[in-house]
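> Got a predicted structure here, sequence first:
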Amino acid sequence: MRKIKWHTGLLGKLMSINLLVVLCAMGITWWALDSLSANYFMTLMKKFNISSEATNTMFLEAVHRYLIWAGIGAIVLATLLSLWLMRRVLRPLLSMNRLTRVMAHGDFEQRVPQGPADEIGELADSFNEMAASLQRLENLRRNMVIDVAHELRTPITNIQGYLEGIQDGVLEPDPETLDLLHEEAVRLSKLVNDLIDLARADAARFEMKTQPIDLAKLISQELKSFQSRFEQKELELKIDFPDSPALVMADSDKMRRVVANLLDNALNYTTRGAWVQISLRSENNQVTTEMANPSSTSPPLDATMVFERFYRGEKSRSRQFGGAGLGLAIVKELVQAHGSQVEAEALEGTFRIRFSLPAVAPQAALPNL
């Protein structure tokens with residue numbers, strides 16, 4: 001970072017402005033005395049028949065001398081007062097300048113002291129909000145690196161162990177062993193794909209292609225691809241859709257991913273023979289989608305944490321309870337990309353997830369889904 005010299009810095013520039021104002025005031029006063037007061041003084045001398053030539057010269061010399069000393073005193077006083085006052089005013093800026101250097105080295109815990117209730121105070125508050133956001137992002141990055149390393153280590157370690165066992169002759173490359181290796185490879189591939197999808201979901205708000213879509217029709221189409229899994233787990237599917245189309249403004253591809261992730265989450269966390277309910281309702285120019293299923297985890301799911309990345313309700317992180325905990329994080333990012341919020345609650349043994357999207361008038365043209 002370049003070093004700013006005092007005379008080219010903000011404080012030096014403000015001081016220069018003040019000195020320029022003082023010098024301008026002195027120049028105007030000098031001109032006024034020479035052109036106005038001197039003429040009045042000469043007229044007054046003539047009125048009383050007093051020789052004005054020498055007297056006028058003495059008067060102007062005395063005035064100029066006093067004006068010069070007064071100007072020097074004004075410059076000194078203005079410099080001292082300006083230096084003291086401007087340092088107080090610019091203290092938050094100087095503090096922010098120092099903290100930006102600290103933050104550039106990765107320390108986001110520093111904050112600017114509370115400033116006055118003016119523009120600089122607002123700038124200090126905005127700086128502190130930015131620092132807090134950067135700290136949250138840095139913590140998220142660190143936690144995500146740790147979580148990704150943890151999630152990748154398990155399948156990689158399993159694959160490595162099986163391959164070393166085959167090399168050492170401890171395990172036979174029979175179909176069962178190959179199936180286990182394939183299962184771990186598929187799990188690893190799914191995790192990588194989820195991470196890619198999460199990154200795309202983060203950037204989804206910049207790539208939105210919203211159009212009127214029938215949310216009920218979209219959900220029904222997605223349910224067809226999950227039908228066999230529902231039947232295998234003997235889950236009862238309860239549908240509560242309105243008779244008329246549930247038209248919303250949304251990106252159809254991204255909403256398909258939202259619905260698919262919600263259905264996958266419900267399948268993973270619902271016990272065999274239970275039920276899953278999907279409902280749509282229109283109110284206040286909004287179409288609200290809600291998916292509910294019995295909560296099968298103990299202790300109950302923490303509804304405030306389910307949308308965090310790599311969070312899983314089953315604390316042992318057993319693979320039988322789903323994937324890496326990225327599905328609902330992707331749902332959150334995609335719903336927020338639509339300008340909405342997704343929320344969850346776990347009450348009386350039932351887990352519910354809901355979100356709302358802006359409704360569209362029925363006469364809006366629908367694309368082919």
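Cool, the structure landed. Numbers count the residues shown, from 1 in each chain.

> Give me the below-cutoff pLDDT ranges for the stretch 1-150 of the chain.
Applying pLDDT under 70 to the stretch 1-150 of the chain flags the ranges 1-15, 33-57, 59-60, 115-118, 147, 150.

> can you give me the helices for it?
According to DSSP state H, counting those that start in this stretch, the stretch 1-150 of the chain carries its helices in the segments 10-32, 38-47, 52-104, 119-167.

> What is the longest one packed up against?
Using 3 or more C-beta pairs under 8 Å, 6 or more residues apart in numbering; DSSP states H and E as the contact criterion, the secondary-structure elements in contact with helix 52-104 are helix 10-32, helix 38-47, helix 119-167. For every residue, glycine as well, the C-beta is placed using N, CA and C.

> need those in CSV with distance to Ile239 and mean neighbour count, can you?
Listed next are the helices and strands packed on helix 52-104 as CSV, based on distance: least, C-beta to C-beta, whole Å; neighbours: other C-beta atoms under 10 Å:
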stretch, distance to Ile239, mean neighbour count
helix 10-32, 65, 13
helix 38-47, 99, 13
helix 119-167, 34, 14
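
> how about the ones you listed in a markdown table, adding distance to Asp194?
Compiled in a markdown table, the helices and strands packed on helix 52-104 are given as follows (distance: least, C-beta to C-beta, whole Å):
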| stretch | distance to Asp194 |
| --- | --- |
| helix 10-32 | 49 |
| helix 38-47 | 88 |
| helix 119-167 | 9 |
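
> Tell me which of these approaches Ala250 most closely.
Shortest distance between Ala250 and those, using C-beta to C-beta, is found for helix 119-167: 26.6 Å.

> For Phe355, find the nearest of the helices of the stretch 1-150 of the chain.
Using C-beta to C-beta, the helices of the stretch 1-150 of the chain put helix 119-167 closest to Phe355, at 22.0 Å.

> what residues go with each domain of the protein?
Annotated domains of the chain cover 6-107, 126-202, 209-358 [automatic domain parsing].

> highest average neighbour count across those?
Among the domains of the chain, the stretch with the highest mean neighbour count (mean count of other C-beta atoms under 10 Å) is domain 209-358, at a mean of 17.

> Now render the domains of the chain as JSON lines, adding distance to Gln114.
Conversion of these to JSON lines gives the following (distance: least, C-beta to C-beta, whole Å):
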{"stretch": "domain 6-107", "distance to Gln114": "9"}
{"stretch": "domain 126-202", "distance to Gln114": "9"}
{"stretch": "domain 209-358", "distance to Gln114": "30"}
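
> Tell me which of those domains lies nearest to Ile120.
Taking these one by one with C-beta to C-beta, domain 6-107 is closest: 5.2 Å.

> can you pull the contacts of Ile219?
241, 259, 278, 280, 289 (C-beta atoms under 8 Å, 6 or more residues apart in numbering).

> Sticking with it, tell me its helix or strand.
Ile219 belongs to helix 215-232 when assigned by DSSP states H and E.

> Over to Leu181?
Judged by DSSP H and E, Leu181 forms part of helix 175-202.

> Which elements pack onto that helix?
Against helix 175-202 (3+ C-beta pairs under 8 Å, 6+ apart) you get helix 119-167, helix 252-268, helix 327-337.

> what about those, which gets the closest to His64?
Closest among the helices and strands packed on helix 175-202, using C-beta to C-beta: helix 119-167, at 41.1 Å.

> what angle sits between that closest one and helix 52-104?
Put simply, helix 119-167 runs at 20 degrees to helix 52-104, going by axes from the mean of the first three to the mean of the last three C-alpha atoms, to 10 degrees.

> Can you tell me which helices and strands helix 119-167 packs against?
helix 52-104, helix 175-202.

> okay if I get these as CSV plus distance to Trp31?
Compiled in CSV, the helices and strands packed on helix 119-167 are given as follows (distance: least, C-beta to C-beta, whole Å):
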stretch, distance to Trp31
helix 52-104, 11
helix 175-202, 66
